[in-house]
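S.K.: Next one to model:
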Amino acid sequence: MYHAGDADSEPAAKRSKVTAYLSCAQRGAEAVIRQDLLSAESRKQLRQQHDAAKPYTHLVLKDLFDPTLLRAVRDEVIHNISATYKETDLFKVFQTGDLANMDALDPESASKLPALMALRDAIYSQEFRGFVRDITGAGELSNKTDLSCNVYAQGCHLLNHDDVIGTRAVSFIIYLADPDAQWTAEDGGALELYPLVAGKPHTPDVRPSTSHLPIWNTMAMFVVQPGRSFHAVQEVLSADKPRLSISGWYHAEKAREGKEHASLQQLQIKAGEDQIHQHAEFQGGDTEGELTEADLQLLRQWVNAAYLKPDNWSKVQSKMEVDGSVQLQQFLLQDVAQWIQAAAVAQDKAEGIGNGRIPEFSTGYGQGWESIGPPHKQRYLRYTAVAAAAATNTVSGHAYAATGTPGISSSTAGISVSSPDAGALLSAVKQQLFQSGAFARLLRSMLGVQILKHAGEVRRFRAGLDYTVAHYGIITSSPRLDCVLTFVDDGSPAAADNWSVGEVGGFEAYLLADEDEEATGAAAVYRQDGDDTGVINVPAASNTLNLLMRDAGLMRFVKYVSAAAPGSRWDIAMEYVPEDDGVDPPMPEEAAAAADG
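M.R.: Predicted coordinates for the structure are as follows:
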């Protein structure tokens, strides 16, 4: 539970002041809402502002409520209402129950919330519903009341979505930030509005085009539009100014047309649409047989010698058979790992990523990196194949000068201005090690499973920006072996602990898709460790290879990396086709049919 204070410990003078506020609340809606805003001329002007707003129609009403009353509302929320901590792949927030249920409170509890009840009744009055209808063009609104209090403390956030559920017609947020402490961009918590990608209907761009700070006594609202009204709440950075708000919806009598385009529907339908459908052959083709001396010669250039010993392979296999996953720490040779680590940390530092800062959305673009979306499913940077090929040549050139053999030389310590960036180094590992037949045979020796094909990418999850979301499009239709090598800045004990316990996100979670349609989708699929849903959380740690046999029916996501993280999560994410299924996953239509069956 989240409590910002305790009413019983409040000074008597302040309690009497709050009591004085109540006379304002008791006079009804006309004492709650600024009446000049409700005039015909004001409605006309507000409608024009609403219709002209970009990236889609919306409006922010300023100084809407009586400030004395709103202070009383804020006091009541802080001292008399408890908020429950909630976290999924989509959000991290403290939230109260539905405030529509306040009428059912016992008299003693209700007596502590008169200002809040007055505000609720005012914004859901027939007069104000008509005002909302006039300035938004949303059409007729039902009498349904649907709202709650949300507290975004430091680190809390809400990822990209369009709000389309059921009969929701207009979304609104009333901001209750501290009226005596100005909210600034450095505090985070902005409401971000996303445009659509040109030529791609119902697909949001990876970056917002408009944002609004949660300023005291303002009310933001927008018409809920399937596949159009994409928005997010930026992570809150302030440690002592929680983003307090009341948010809710005005409802129509029936659901809007086009709900099949809604973000939630996009996450729930077309099972397998976004899984990898094409896998490549390994270098050299055939992956059968035992490790050869030539294989070991290549592997010794990259892999910690401990993982090349047959005595340790049986331990890895036993762990895999029992748990379904295993983490191999210090997997790469120390000097290879140090070079990658140094490049990653230096790049984050140069670009101002991590340690409580939210970077610009364009940070890290270029030099081989491209942004991957759409953001209601994912946002991260990928190192491209063209850049990777050039990087491999560069890295090989360094190594040839030192040793005359491909790879990164143990004598090539540190980085210099002319050295490749972390993406280039990780690409070299991917191409020269993880795509080699030698590595496929090493996996066979470790796991007892022949590996037939591969696919993969080099990724960067920037602190304060990036994530992936669990959705039906990535449901596994056939078994796959995930092989993910991660690098993060975990050089200090505190940093290592934050990554290991998931405090700053960046972990990869695996979970079974929920077969209950009413409970599926990104807002409901996430479960904490320890319950019976079989969730596996794999924390990010430097130079750690995470192996997991992903069975049919599993989804996965990389939790949003908090701005509080020391830096980015860098990884090589490989997917291997094991011997029991040499056929690529069915195309989306086939996968959906299989899921329905």
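
S.K.: which residues touch stretch 139-149?
M.R.: Outside of stretch 139-149, the residues within contact range by C-beta atoms under 8 Å, 6 or more residues apart in numbering are 77, 81, 83, 95-100, 120, 123-124, 129, 132-133, 167-170, 244-253. Using the backbone N, CA and C atoms, a C-beta is placed for each residue, glycine as well.

S.K.: Okay, and which of the residues you listed map to strands?
M.R.: 95, 168, 169, 170, 244, 245, 246, 247, 248, 249, 250, 251 (DSSP state E).

S.K.: ok, so of the residues you listed, who is nearest residue 262?
M.R.: Of all those, residue 168 has the smallest distance to residue 262: 9.9 Å, by C-beta to C-beta.

S.K.: Give the bridge partners for the closest one, please.
M.R.: Note on residue 168: beta-bridge partners by DSSP bridges are residue 251.

S.K.: hmm, back to that, now which of the contacts of stretch 139-149 would you call buried?
M.R.: Listed as buried from those are 77, 81, 83, 95-96, 99, 120, 123-124, 129, 132-133, 167-170, 244-252; burial here means 16 or more other C-beta atoms under 10 Å.

S.K.: how much space between residue 152 and residue 220?
M.R.: Distance, residue 152 to residue 220, using C-beta to C-beta, to the nearest Å: 14 Å.

S.K.: buried ones in stretch 347-360?
M.R.: Neighbour-count burial for stretch 347-360 flags 347, 348, 351, 353, 354, 355, 356, 358, 359 (criterion: 16+ other C-beta under 10 Å).

S.K.: and residue 497, how many neighbours does it have?
M.R.: 12 (other C-beta atoms under 10 Å).

S.K.: for residue 137, same thing?
M.R.: Neighbourhood size, residue 137 [other C-beta under 10 Å]: 12.

S.K.: Which pLDDT does the model give it?
M.R.: Residue 137 carries a pLDDT value of 97.

S.K.: Help me confirm that it comes into contact with residue 43.
M.R.: No: counting by C-beta atoms under 8 Å, residue 137 sits too far from residue 43 to count as a contact (11.1 Å).

S.K.: who's more crowded, residue 152 and residue 220?
M.R.: Neighbours were counted for residue 152 and for residue 220 using other C-beta under 10 Å; residue 152 has more, 25 against 21.

S.K.: which residues sit in contact with the nearest residue to that one once chain neighbours are set aside?
M.R.: Leaving aside its chain neighbours, residue 152 sits nearest to residue 243 (3.8 Å; criterion: C-beta to C-beta, 6 or more residues apart in numbering). Listed by C-beta under 8 Å, 6+ apart, the contact set of residue 243 reads 150-153, 156, 175, 177, 187-189, 214, 233, 236.

S.K.: Reformat these as JSON lines; add pLDDT and distance to residue 312.
M.R.: Listed next are the contacts of residue 243 as JSON lines, based on pLDDT from 0 to 100; distance: C-beta to C-beta, whole Å:
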{"residue": "150", "pLDDT": "97", "distance to residue 312": "49"}
{"residue": "151", "pLDDT": "97", "distance to residue 312": "48"}
{"residue": "152", "pLDDT": "98", "distance to residue 312": "46"}
{"residue": "153", "pLDDT": "97", "distance to residue 312": "44"}
{"residue": "156", "pLDDT": "98", "distance to residue 312": "42"}
{"residue": "175", "pLDDT": "98", "distance to residue 312": "57"}
{"residue": "177", "pLDDT": "96", "distance to residue 312": "55"}
{"residue": "187", "pLDDT": "98", "distance to residue 312": "50"}
{"residue": "188", "pLDDT": "98", "distance to residue 312": "45"}
{"residue": "189", "pLDDT": "98", "distance to residue 312": "48"}
{"residue": "214", "pLDDT": "98", "distance to residue 312": "53"}
{"residue": "233", "pLDDT": "98", "distance to residue 312": "46"}
{"residue": "236", "pLDDT": "98", "distance to residue 312": "45"}
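
S.K.: Compare these and tell me which has the most neighbours.
M.R.: Greatest neighbour count in these, by other C-beta under 10 Å, goes to residue 188: 27 neighbours.

S.K.: how far away is that residue from residue 152?
M.R.: The spacing between residue 188 and residue 152, counted by C-beta to C-beta, is 9 Å.

S.K.: which residues are in contact with both of those two?
M.R.: Common contacts of residue 188 and residue 152 (C-beta under 8 Å, 6+ apart): 236, 243.

S.K.: Where does the prediction get shaky in the stretch 301-450 of the chain?
M.R.: Along the stretch 301-450 of the chain, segments meeting pLDDT under 70 span 385-420.

S.K.: Now do the strands in it.
M.R.: 325-329, 369-372, 378-383 (DSSP state E, counting those that start in this stretch).

S.K.: Pull up the gap between the residue nearest to residue 152 and residue 360, please.
M.R.: 21 Å.

S.K.: same deal with residue 136?
M.R.: Residue 136 is 32 Å from residue 360, by C-beta to C-beta.

S.K.: and what of residue 277?
M.R.: 34 Å.

S.K.: repeat for residue 186
M.R.: Taking C-beta to C-beta, one finds residue 186 at 14 Å from residue 360.

S.K.: now swap in residue 97 and tell me
M.R.: Distance from residue 97 to residue 360, by C-beta to C-beta: 38 Å.

S.K.: likewise residue 96?
M.R.: Note on residue 96: its distance to residue 360, by C-beta to C-beta, is 34 Å.

S.K.: start to end distance for stretch 278-290?
M.R.: Stretch 278-290 has an end-to-end distance of 26 Å (C-alpha to C-alpha, to the nearest Å).

S.K.: can you pull the pLDDT of residue 511?
M.R.: As predicted, residue 511 sits at a pLDDT of 89.

S.K.: Could you check how many residues crowd around the closest residue to it other than its chain neighbours?
M.R.: Excluding the flanking residues, the one nearest residue 511 by C-beta to C-beta, 6+ apart is residue 535, at 4.6 Å. Residues near residue 535, counting by other C-beta under 10 Å, number 16.

S.K.: Does residue 535 touch residue 510 like I think?
M.R.: Yes: between residue 535 and residue 510 a contact is recorded at 6.9 Å, counting by C-beta under 8 Å.

S.K.: Find the residues that touch each one of these two.
M.R.: Counting by C-beta under 8 Å, 6+ apart, residue 535 and residue 510 have no contacts in common.

S.K.: Next, the contact list for the nearest residue to residue 287 once chain neighbours are set aside, please.
M.R.: Nearest non-adjacent residue to residue 287, counting by C-beta to C-beta, 6+ apart: residue 440, 4.0 Å away. Shown in contact with residue 440 (C-beta under 8 Å, 6+ apart): 282, 287, 450, 451, 454, 576.

S.K.: Need the pLDDT of residue 256.
M.R.: Turning to residue 256, the model gives it a pLDDT of 83.

S.K.: Go ahead and confirm it touches residue 227.
M.R.: No: counting by C-beta under 8 Å, residue 256 does not reach residue 227; the two are 10.6 Å apart.

S.K.: Tell me where the stretch 51-200 of the chain is predicted with low confidence.
M.R.: For the stretch 51-200 of the chain, no range has pLDDT under 70.

S.K.: just the helices in it please.
M.R.: 67-80, 107-110, 114-123, 126-136 (DSSP state H, counting those that start in this stretch).
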